[in-house]
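K.L.:
quick one, fold the following:
(one chain, ligands or ions: 2)
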Amino acid sequence: MTQRRLTLSAVALLFGAWGFLPEFTVTLLNYIGLYAIVAMGLVLLTGVGGMTSFGQAAFVGIGAYATAWFCTAPAGAALVGLTPGSAALPWVGLVAGLVLSAALAWLLGSVTLRLSGHYLPLGTIAWGLSLYFLFGNLEFLGGHTGVSGLPALAVGGLTLKSVRELGLLTWAVLLLSLWALHNLLDSRAGRSIRSLKGGRVMAESMGVDTARYRIKVFVMAAMLASLSGWLYAHLQRFVNPTPFNLNIGIEYLFMVVVGGAGHLWGAVLGASLITLMKQYLQDVLPSLLGASGNFEVVVFGLLMLLVLQRFSDGLWPSLARLADRYLKNPSRAVSAVSGVLAERILPPRGSVVLCTTDVSRRFGGLMANNKVSLEVRAGEFHALIGPNGAGKSTFFNLISGVDRASSGVVSLLGRDMSAQPSRAFASFGLSRTFQHVRLLGARSVLDNVALGAHLRGHSSWIASMLRLDRAEEAALMSEARRQIVRCGLEAHMYEAAGSLALGQQRIVEIARALASQPSILLLDEPAAGLRHQEKQALAELLIQLREQGLAILLVEHDMEFVMNIADRITVMEFGQIIAQGTPAEVQVNPQVVAAYLGGIDGELTL
Ligand code: ADP
Ligand code: MG
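P.N.:
Residues are numbered from 1 along each chain as shown. Ligands and ions are numbered 1, 2, ... in the order given. Modelled structure (predicted):
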């Protein structure tokens, strides 16, 4: 049995048995469904995207209150030209809730998401609290008493009066959202979303607008929460502020963390566990302890601590590993349909691709780069060498938009790039690797390399969610495979990138850079950690790339490697260029000899 079959069977079983389950079970399942919808958005936001939010309950409240107002206030019906009591009002409420929460998330996100570290979760607590108190203080929303008398939902003539009827809709919404988010994560957009957690500098260099992606993820999580609030309101037929307070916001986060923050199904697992556990504790504890009180909260907290101690990634990964033993692995069939990727026209051989004029970078009192001027031409192999601390990596960051120069001009293909972010450099054909490897360690080599081709695809998130992007996705994957084979890593294609030797991880970075079809490639110490044979293979690959007309700028400590293949060499020391020329010229330059023999490196073979 495959994973897919198992899932489909479980879903079929659930819907088949739905009519026969006891009322109490159905009620519990319904709550699990409602919680899981919110938790799923939180998985995307927190577990996958790395943004912790304590405030999701407030968005559930917006969804619930929006529909409550439109369905019960005469002014709500009048606003949209409907008569009070019309069956269309809940749907107006749904749309209003979604629009309102999306708009608010966009607004709050653009302020809060700029915060880093602990400030972001603190920010979410702040607006979570504010919105909760706002619900209680708005007279037209019934204050702390709330709004009652909400109608039951009607879908195509069917009125969903009972928990059993509405629960079907809840689970249909949950499963459809799961499917859509699963598709999203398994796409070009998904690879970028996964890089938001810990890989933003890298992702920007691959052309991903990470700030925009973060806000979009935030908005999506808020809309899912709002959707859950809408269903909740029409289940309870009554809305007050209590279920949208900060405690519940924390509980949603617990569900995600306990279930498995990085996995969509972890949301369902976490929501189930916590709902069942709370129910059970509430029933059992008072009789066990012979006294009534909120003991369940105490025990619940202790259990949470235990689970987090034992399963720091949540329970889903352990469950999935167990299931993997009995399930067949899905075949890695290469899709037959394939779209066409955007192709870049390389600049003519010999033309200047990258040019810097008097570029300086000051860190406090230290001039890490001091008036560095350099040109790299198409079809040229240019090496940048110099002792440790000379400023080479700093220079790489300046010419790839990762860092801003304090003064001077960086131009790429004749364009002044001074105020541009690194993704603009990427879109104009510059691609780079990092001295300290920046890969998504838990993702496969294939996934990592495919991220490099980000700018060559265009599918929207909606298209990805509906799997309308499959032709493009196949083309991106086939391009990634091609680069992996070209770099000699095909044996490791499906392995987690973080499990490779460090030298090989550097090669994965080169493959990722090549997947963008660059006109200029920046390599920061690509040969470090490679064995002799691997270095030779790398040299051959680089020579082949130069033949194709690529401009290559490389920082490297291995002098034999550099002297053998570089066309031109620039030598830096203390942030300044001390020599420039062919390998033969540089090797006999007295200043260079002094820098190397006087320095700690002393690796220059003369
Ligand atoms: P290289 O790559 O040639 O070994 P770097 O560019 O990494 O050298 O560093 C050049 C100098 O700038 C070093 O003295 C380093 O300590 C300093 N430096 C680099 N990055 C920063 C930073 N972000 N803040 C302060 N100093 C820095
Ligand atoms: Mg360096």
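K.L.:
gap between the two ends of stretch 250-269?
P.N.:
One end of stretch 250-269 to the other measures 17 Å (Cα to Cα, to the nearest Å).
K.L.:
ok, stretch 397-404 next?
P.N.:
8 Å.
K.L.:
measure how far it is from the centre of its chain, please.
P.N.:
Mean C-alpha position of stretch 397-404 versus that of the full chain (Cα atoms, centre = their mean, to the nearest Å) differs by 22 Å.
K.L.:
same question, stretch 142-162
P.N.:
Taking mean C-alpha positions (Cα atoms, centre = their mean), stretch 142-162 and its chain are 37 Å apart.
K.L.:
can you tell me which residues in this protein are near ligand 1?
P.N.:
Within reach of ligand 1 by Cβ under 6 Å from any ligand atom, the chain has these residues: Phe363, Leu366, Ala368, Gly386, Asn388, Gly389, Ala390, Gly391, Lys392, Ser393, Thr394. C-beta here means a position set from N, CA and C on the backbone, and glycine is covered the same way.
K.L.:
now the two most distant members of the residues you listed.
P.N.:
Greatest spacing in the residues of the chain next to ligand 1, by Cβ to Cβ: Phe363 and Gly386 (16.9 Å).
K.L.:
between those two, which one's more packed in?
P.N.:
Gly386 (26 against 12; other Cβ atoms under 10 Å).
K.L.:
pretty sure that one sits against Gly575.
P.N.:
No. Judged on Cβ atoms under 8 Å, Gly386 makes no contact with Gly575 at a distance of 9.3 Å.
K.L.:
and of the residues of the chain next to ligand 1, the nearest to Gly401?
P.N.:
Thr394 (13.3 Å).
K.L.:
what helix or strand is the closest one on?
P.N.:
helix 392-399 (DSSP states H and E).
K.L.:
what about that helix, distance to the chain center?
P.N.:
26 Å.
K.L.:
what's that helix packed up against?
P.N.:
Counting contacts by 3 or more Cβ pairs under 8 Å, 6 or more residues apart in numbering; DSSP states H and E, helix 392-399 is packed against strand 352-363, strand 366-377, strand 381-385, strand 520-524, strand 551-555.
K.L.:
with distance to Trp171 and mean pLDDT as extra columns, can I get the ones you listed in TSV?
P.N.:
Below are the helices and strands packed on helix 392-399 laid out as TSV (distance: least, Cβ to Cβ, whole Å; pLDDT from 0 to 100):
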stretch	distance to Trp171	mean pLDDT
strand 352-363	55	95
strand 366-377	58	94
strand 381-385	59	94
strand 520-524	50	94
strand 551-555	55	95
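K.L.:
out of the ones you listed, which comes closest to Arg482?
P.N.:
strand 520-524 (16.2 Å).
K.L.:
hey, C-alpha coordinates of the following helix or strand past that closest one in PDB?
P.N.:
Per DSSP H and E, strand 520-524 leads on to helix 532-547 as the next helix or strand towards the C-terminus. Taking C-alpha atoms only, helix 532-547 is exported to PDB below (Å, rounded to 0.1, in the frame of the first residue of the first chain):
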ATOM      1  CA  HIS A 532      42.100  15.800  -5.600                       C
ATOM      2  CA  GLN A 533      39.900  13.900  -8.100                       C
ATOM      3  CA  GLU A 534      36.900  16.000  -7.200                       C
ATOM      4  CA  LYS A 535      38.900  19.200  -7.700                       C
ATOM      5  CA  GLN A 536      39.900  18.000 -11.200                       C
ATOM      6  CA  ALA A 537      36.200  17.300 -12.000                       C
ATOM      7  CA  LEU A 538      35.300  20.800 -10.800                       C
ATOM      8  CA  ALA A 539      38.100  22.300 -12.900                       C
ATOM      9  CA  GLU A 540      36.800  20.500 -15.900                       C
ATOM     10  CA  LEU A 541      33.300  21.700 -15.300                       C
ATOM     11  CA  LEU A 542      34.400  25.300 -14.900                       C
ATOM     12  CA  ILE A 543      36.500  25.200 -18.000                       C
ATOM     13  CA  GLN A 544      33.500  23.800 -19.900                       C
ATOM     14  CA  LEU A 545      31.300  26.700 -18.500                       C
ATOM     15  CA  ARG A 546      33.900  29.200 -19.600                       C
ATOM     16  CA  GLU A 547      33.800  27.700 -23.100                       C
END
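K.L.:
and the angle for helix 532-547 with strand 551-555?
P.N.:
150 degrees (axes from the mean of the first three to the mean of the last three Cα atoms, to 10 degrees).
K.L.:
please compute how far helix 532-547 lies from its chain's middle.
P.N.:
With Cα atoms, centre = their mean as the basis, helix 532-547 stands 33 Å off its chain's centre.
K.L.:
ok and it relative to strand 381-385, angle-wise?
P.N.:
Going by the same axes, to 10 degrees, helix 532-547 is angled at 130 degrees with respect to strand 381-385.
K.L.:
other residues contacting stretch 485-498?
P.N.:
Stretch 485-498 is contacted from outside by 332, 439-448, 481, 484, 500, 504-505, 507-508, 510-511, 514, 537, 541, using Cβ atoms under 8 Å, 6 or more residues apart in numbering.
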